[in-house]
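*Asks:* Only the shape, not the letters, is given here:
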């Protein structure tokens, strides 16, 4: 009989403190942040261990979003309003370093008044930049469905910071994108 998946011990927008003692936590020990996403892939592999729930945490003192296991966090005793985490400007976070010859790129973005979403850029046989909304369903009732966009770029256009920012501007109508160290899109979707 399969082991039932344990519910997460923390929730969306809960304020937390990094308390983990592992090497990946050492630089963040004692910092406070807010959970913006839950991710279940590690706990699905070992359902008997609820400490394997993964959380994407905004660390405002550092201006970045980082993933931690449940065992690395403790509740700080409060929950933010979702509206506290809406963007005030168009922001983009690329998951990978851009290299010559790349044919795709993935990242996360948010528009004013919105939460983080996923963006996938892909070179394809298209005459001009095209976009298509995307949706990723999550396997547990505690996770939120992820949404975003696939942006198809003509093969003649190299995948560079300039071309990707230009594609975002064309698709969303904002010219003033700010690059930040946002959440990893793989954890959002």
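*Replies:* That came in fine, so what should we check first? Remember, it's a predicted structure, so these values are computed and weren't measured experimentally.
*Asks:* Contacts only, for residue 111.
*Replies:* Residues counted as contacts of residue 111 (C-beta atoms under 8 Å, 6 or more residues apart in numbering) are 87, 90, 172, 174. C-beta coordinates here come from the backbone N, C-alpha and C atoms, glycine included.
*Asks:* Would you confirm that residue 139 contacts residue 44?
*Replies:* Yes. Using C-beta atoms under 8 Å, residue 139 is in contact with residue 44, at 6.7 Å.
*Asks:* So between those two, which is more surrounded?
*Replies:* In terms of neighbours (other C-beta atoms under 10 Å), residue 44 is the more surrounded of residue 139 and residue 44; the figures are 13 against 10.
*Asks:* circling back to that earlier point, quick one: which of the contacts of residue 111 is most hemmed in?
*Replies:* Neighbour tally across these (other C-beta under 10 Å): the maximum, 20 neighbours, falls on residue 90.
*Asks:* secondary structure class for the closest residue to it other than its chain neighbours?
*Replies:* Ranked by C-beta to C-beta, 6 or more residues apart in numbering and with sequence neighbours excluded, the top spatial neighbour of residue 90 is residue 174, at 4.1 Å. Using DSSP: H, G, I helix; E, B strand; the rest coil, the three-state assignment for residue 174 comes out as coil.
*Asks:* partners of the helix or strand hosting residue 15 in the sheet?
*Replies:* When elements are defined using DSSP states H and E, residue 15 is found to belong to strand 14-18. Taking DSSP bridges as the criterion, strand 14-18 forms sheet pairs with strand 32-39 (antiparallel), strand 73-79 (antiparallel).
*Asks:* Could you check how far the spatially closest residue to residue 138 that is not a sequence neighbour is from residue 91?
*Replies:* Nearest residue to residue 138 in three dimensions, chain neighbours excluded: residue 145, at 5.9 Å (C-beta to C-beta, 6+ apart). As defined by C-beta to C-beta, to the nearest Å, residue 145 lies at a distance of 21 Å from residue 91.
*Asks:* Which of these two has more residues huddled nearby?
*Replies:* Neighbour count, other C-beta under 10 Å: between residue 145 and residue 91, residue 91 has more, with 19 against 9.
*Asks:* in this structure, which spans are helices?
*Replies:* Taking DSSP state H to define them, one finds helices in the chain at 41-45, 161-172, 185-188.
*Asks:* Residues contacting the longest one, please?
*Replies:* Among residues not part of helix 161-172, those counted as contacts by C-beta under 8 Å, 6+ apart are 90, 92, 94, 98, 105, 109, 111, 119, 121, 129, 131, 149, 151, 153, 157, 174-175, 177, 179.
*Asks:* And for the nearest residue to residue 126 once chain neighbours are set aside, the neighbour number?
*Replies:* Nearest non-adjacent residue to residue 126, counting by C-beta to C-beta, 6+ apart: residue 152, 4.9 Å away. Residue 152: 17 surrounding residues under other C-beta under 10 Å.
*Asks:* Sounds good, over and out.
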